[in-house]
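Visitor: quick check, what structure comes out for this input:
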Amino acid sequence: MSRFHSYINSSKRIVDGYDAEHPFPIHLKKQFSANKQIGSRDRKMIAEICYAWFRTSHLFNRNLQDQNIVNAIFLCAQNEHPLLAALAPELNELVALPVPEKFAHLNLNPANLFPFKDALGAIESEPFFLSFLSQPLLFLRMRPGMEKVVIEKLKDHQSSFTQIGFACVALPNATKLEEVIALNKEAVVQDYSSQQVFNFLEQTNLDQGNKIVWDCCAASGGKSILVHDKLSGKIHLTVSDIRGTIMHNCKQRLQEAGVPIEHSFVTDVASELSQKLPADFSIIICDVPCTGSGTWSRTPEQLA
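Guide: A predicted model of the protein is given here:
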């Protein structure tokens, strides 16, 4: 058995054992810790196979067979791939084809990538379906007054990046930002679309004194940091979310960002809240529905 068959078998075992109770990277780390004989190069290949499967599993009705895994790698890879070279050289020769042509070659329908296509609105669907095949760019929101500092640090580190507007930077996903900038203090990892959520607020209203703000689905705290920056720190902030672990991580991130919290609590916002709310609010940030759909291309295990 070639090492590539071994990679596939290891990937199948890891995927089969994933219960979705925790993020997949945690599960993957535990699996590798329990199998220390797997070297770093092998771990990278196994992880790549797992993620390619998560991105494409609905195409194959979640049938975790070797050929389906090979086809998943073919669809996700953009350049010649060692697994394809060993197990499917005819596909390796076609790997640089446009993605729609790859689907046609395999006689597969891109619409089957997404299990909820009947619920889509009037969007251009095929680009949306195909977006699940690749990891999006990593976006940074540079914090007020830190724009020049961040850009200079990225240049000094010879990081590849594209500046979008005044405060946003897009980078390759593998960029090790912690080695370049002071995360959360100088810049915040935040998708470009999320950076726009307060653009509708009228500046004249924002300038009228301190605002009492409740971020009721705070998650990692990105929008709390954004509204703090948007209002020049003139806020009294309350944060909540449904799980204690989420709130712990949120408070840690806000502390790193220098954003003070006046109140925090764990709650389901669909429940009775009157006993927990400390005040009336000028602004309520409610990021619903909490489907996680905005992160499916980044965390494809949530869609698989």
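Visitor: all contacts plus neighbour counts: C-alpha atoms, from now on.
Guide: Will do.
Visitor: ranges for the strands of this structure?
Guide: Secondary structure of the chain, counting by DSSP state E: strands at 138-142, 162-164, 168-171, 187-189, 211-215, 235-241, 263-266, 283-285.
Visitor: tell me what the fourth one is packed against?
Guide: Spelled out, that is strand 187-189. If contacts are counted by 3 or more Cα pairs under 8 Å, 6 or more residues apart in numbering; DSSP states H and E, strand 187-189 sits against strand 138-142.
Visitor: equivalent analysis for the third one, please.
Guide: Applying 3+ Cα pairs under 8 Å, 6+ apart, we find strand 168-171 packed against strand 138-142, strand 162-164.
Visitor: where does this protein dip in pLDDT?
Guide: For the chain, the stretches with pLDDT under 70 are 1, 202-208, 273-276, 278, 289-294.
Visitor: which residue is the nearest non-sequential neighbour of residue 216?
Guide: Among residues not flanking residue 216 along the chain, residue 240 sits closest, at 4.9 Å (Cα to Cα, 6 or more residues apart in numbering).
Visitor: CSV for the strands of the chain, including mean neighbour count and distance to residue 105?
Guide: Formatted as CSV, these follow (neighbours: other Cα atoms under 10 Å; distance: least, Cα to Cα, whole Å):
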stretch, mean neighbour count, distance to residue 105
strand 138-142, 24, 31
strand 162-164, 13, 34
strand 168-171, 20, 32
strand 187-189, 21, 38
strand 211-215, 21, 48
strand 235-241, 22, 46
strand 263-266, 17, 50
strand 283-285, 15, 46
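Visitor: switch the ones you listed over to CSV; also include distance to residue 18.
Guide: Putting these into CSV (distance: least, Cα to Cα, whole Å) gives the following:
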stretch, distance to residue 18
strand 138-142, 26
strand 162-164, 36
strand 168-171, 30
strand 187-189, 27
strand 211-215, 32
strand 235-241, 25
strand 263-266, 27
strand 283-285, 33
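Visitor: closest one to residue 20 among these?
Guide: Among the strands of the chain, the nearest to residue 20 by Cα to Cα is strand 235-241 (19.5 Å).
Visitor: who touches that closest one?
Guide: Strand 235-241 is contacted by residues 210-219, 224, 228, 247, 260-269 when judged by Cα atoms under 8 Å, 6 or more residues apart in numbering.
Visitor: now render the helices and strands packed on strand 168-171 as CSV, adding distance to residue 5.
Guide: Converted to CSV, the helices and strands packed on strand 168-171 look like this (distance: least, Cα to Cα, whole Å):
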stretch, distance to residue 5
strand 138-142, 32
strand 162-164, 39
